[in-house]
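S.K.: Next come a sequence and a model predicted from it.
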Amino acid sequence: MIKQLLAMTMVVSVVVGCAPRPIHFMREGPAPVVVPKQSSWKVTPGWRFYTGETYDSADIPLRPVVGGSRIFAAEPGGKIYALEADTGDVVWQIDSKLDLSAGVGFGHGVVVVASAEGQLLALDPTDGNLLWQSSVGAEVLARPIVADEHIIVRAGDGQVIGVDKNSGTIRWRLRNSVPSLSVRGLSVPVQVNEIVVVGYASGHLSGIDIQSGRELWKTPISRPGGSNQIDRLIDIDADPLIAGSQLFVAAYQDKVYAISLTAQKVQWSAPRSTLRNLAVSDSELLITLDNGVVMALDPNTGAEVWKQARLMGRGVTNPIAIPGSKLCVVGDYQGYVHVMDVSTGALKGRGRARAGAILATFIGPGFEGFYTLSERGMITAWLLDEGS
């Protein structure tokens, strides 16, 4: 029990009065296994870009986003970049002079970041010029999303805020209670037609009208259990994921749920706990469990397809599926990236960034490899070559 509590102190924060911690908290749980060796796929870095030093003292990663042929990235010290996705060349960069806590959002002709003091910045994606700056009055802890003519912001005090995309004017606020103890960070809302779906630290899921901010529905997806506050944590920290007509939601220390958007009901649930984002391939739902086990579920039934336990305890990141390749990828706390067969879970190759823990993996349209963000602020483009 003591070991469990020590591990949880790396990921849990009381909502008020919490000092920053390093973001390599993902190395918790069981002792890490030795890095498996594989050689059927060669995994090599194509280009690297260093965003800055301030990731060393940050507690939430600012995830880059791919928009068209560019990657938009930021670092906690305030610098914001646009990079050419195929070369890593800098298109533009600015210094906001702010301590950034959330980003990067992109869509409908705007790049968005937010600060710990509640400042929201909208930039022109073509040249980085400031379009407007607005205060939402609370610390923002989730990447803002651009939903039609609104920017949707989630604040650490429980608020969901709708901001006019063109002017920065606050159009609506929706207030929610926050548990006294929760996992640091918030899931990113997802747009479903005219509403945004939001998952909360309380285990609730709600649908909010984008235009008016009216809460159309709210339902408890997960219910707390256990005999103490830590065992009762049920945060929905993984971003809700839409795939076709299904919405996938994961609650910490509880289950993964598949919800039919057509029938508007839960199709299935599977007892799997995670804080990492989910991913889908052509026929698998990919999940990284809290202990580092990577797993594939049948998206139609929730049945286990395969389980890869050879990365256990390695602080494994969110999985991603590489389009058109039958491969999936995760990163770990020592900077390794591990390539797996998406149909079987078999390990196929590995590479190493040597820039601290891998914090996030992501893909971009038209790129046959993948990208990673490392603990020391390094963005790396990875190339895959079979049979080397």
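M.R.: Perfect, thanks for sending it. Numbering: from 1, shown residues only.

S.K.: Grab the nearest non-local neighbour of L123.
M.R.: V111 (4.3 Å; C-beta to C-beta, 6 or more residues apart in numbering). All C-beta spots, glycine's among them, are computed from the backbone N, C-alpha and C.

S.K.: where does the chain dip in pLDDT?
M.R.: By pLDDT under 70, the low-scoring segments of the chain are 1-30, 36, 38, 56-58, 179-185, 223-235, 388.

S.K.: so is the residue nearest the centre of it in a helix, a strand, or just coil?
M.R.: The residue lying closest to the centre of the chain (C-alpha atoms, centre = their mean) is N277, at 5.3 Å. Recorded secondary structure, N277: coil (DSSP: H, G, I helix; E, B strand; the rest coil).

S.K.: Is it in contact with N318, as I believe?
M.R.: Yes. Counting by C-beta atoms under 8 Å, N277 does reach N318; the two are 4.1 Å apart.

S.K.: okay, and the common contacts of those two?
M.R.: Shared contacts of N277 and N318, defined by C-beta atoms under 8 Å, 6 or more residues apart in numbering, are found at A238.

S.K.: follow-up on the earlier one: mind telling me what element the residue nearest to L123 is part of?
M.R.: Using DSSP states H and E, V111 sits in strand 110-115.

S.K.: Show me the strands paired with that strand, marking each as parallel or antiparallel.
M.R.: When pairing is defined by DSSP bridges, strand 110-115 lines up against strand 100-107 (antiparallel), strand 119-123 (antiparallel).

S.K.: Tell me which helix or strand comes right after the shortest one.
M.R.: Going back to what we said before, that points to strand 119-123. Downstream of strand 119-123 (by DSSP H and E), the next one is strand 130-135.

S.K.: What residues sit buried inside that next one?
M.R.: L131, W132, S134 (16 or more other C-beta atoms under 10 Å).

S.K.: So what sits opposite M340 in the bridge?
M.R.: Bridge pairing for M340 - DSSP bridges - gives C328, L347.

S.K.: still on that earlier bit, would you turn the strands paired with strand 110-115 into a markdown table with mean neighbour count?
M.R.: Below are the strands paired with strand 110-115 laid out as a markdown table (neighbours: other C-beta atoms under 10 Å):
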| stretch | mean neighbour count |
| --- | --- |
| strand 100-107 | 25 |
| strand 119-123 | 23 |
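
S.K.: Alpha carbons of stretch 143-160, as PDB, please.
M.R.: Output of stretch 143-160 as PDB, limited to C-alpha atoms (Å, rounded to 0.1, in the frame of the first residue of the first chain):
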ATOM      1  CA  ARG A 143      -5.900  21.900 -24.800                       C
ATOM      2  CA  PRO A 144      -8.500  24.300 -26.100                       C
ATOM      3  CA  ILE A 145     -10.400  23.100 -29.100                       C
ATOM      4  CA  VAL A 146     -11.800  25.100 -32.000                       C
ATOM      5  CA  ALA A 147     -15.500  24.100 -32.500                       C
ATOM      6  CA  ASP A 148     -17.100  26.000 -35.400                       C
ATOM      7  CA  GLU A 149     -17.100  29.700 -34.300                       C
ATOM      8  CA  HIS A 150     -16.200  29.000 -30.700                       C
ATOM      9  CA  ILE A 151     -13.100  28.000 -28.800                       C
ATOM     10  CA  ILE A 152     -13.900  25.600 -26.000                       C
ATOM     11  CA  VAL A 153     -11.800  26.000 -22.900                       C
ATOM     12  CA  ARG A 154     -11.600  23.800 -19.700                       C
ATOM     13  CA  ALA A 155     -10.400  25.400 -16.500                       C
ATOM     14  CA  GLY A 156      -8.900  23.800 -13.400                       C
ATOM     15  CA  ASP A 157     -11.800  25.100 -11.300                       C
ATOM     16  CA  GLY A 158     -14.300  23.000 -13.200                       C
ATOM     17  CA  GLN A 159     -15.500  25.600 -15.700                       C
ATOM     18  CA  VAL A 160     -16.200  24.900 -19.300                       C
END
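
S.K.: Report the distance from it to the chain centre.
M.R.: Distance of stretch 143-160 from the chain centroid (C-alpha atoms, centre = their mean, to the nearest Å) equals 15 Å.

S.K.: residue ranges for the helices of this structure, please.
M.R.: Along the chain, counting by DSSP state H, helices occupy 2-8.

S.K.: What is the burial count for N166?
M.R.: Neighbour count of N166, defined by other C-beta atoms under 10 Å: 15.

S.K.: For the closest residue to it other than its chain neighbours, give me its contacts.
M.R.: Leaving out its chain neighbours, the residue that sits closest to N166 by C-beta to C-beta, 6+ apart is E149, at 7.0 Å. Counting by C-beta under 8 Å, 6+ apart, E149 touches H108, D164, K165, N166.

S.K.: Which one (most neighbours) among those residues?
M.R.: Within the contacts of E149, neighbour counts (other C-beta under 10 Å) peak at K165, which reaches 22 neighbours.

S.K.: what's near enough to touch that one?
M.R.: Taking C-beta under 8 Å, 6+ apart, we find K165 in contact with H108, V110, A122, V146, D148, E149, H150, I151.

S.K.: same deal with I208?
M.R.: V160, L174, I195, V196, V197, V198, R214, E215, L216.

S.K.: Out of these, which end up buried?
M.R.: V160, L174, I195, V196, V197, V198.

S.K.: Near the closest residue to the last one other than its chain neighbours, how many other residues are there?
M.R.: With C-beta to C-beta, 6+ apart as the criterion, V198 has its nearest non-adjacent residue at 4.7 Å, and that residue is P189. The tally of other residues near P189 (other C-beta under 10 Å) stands at 25.

S.K.: Let me know the distance separating P189 from V65.
M.R.: Per C-beta to C-beta, to the nearest Å, P189 is found 15 Å from V65.

S.K.: what does Q267 give?
M.R.: From Q267 across to V65, the span is 29 Å (C-beta to C-beta).

S.K.: For those two, indicate the residue with more neighbours.
M.R.: For Q267 versus V65, the count of surrounding residues by other C-beta under 10 Å is larger for V65: 20 against 17.
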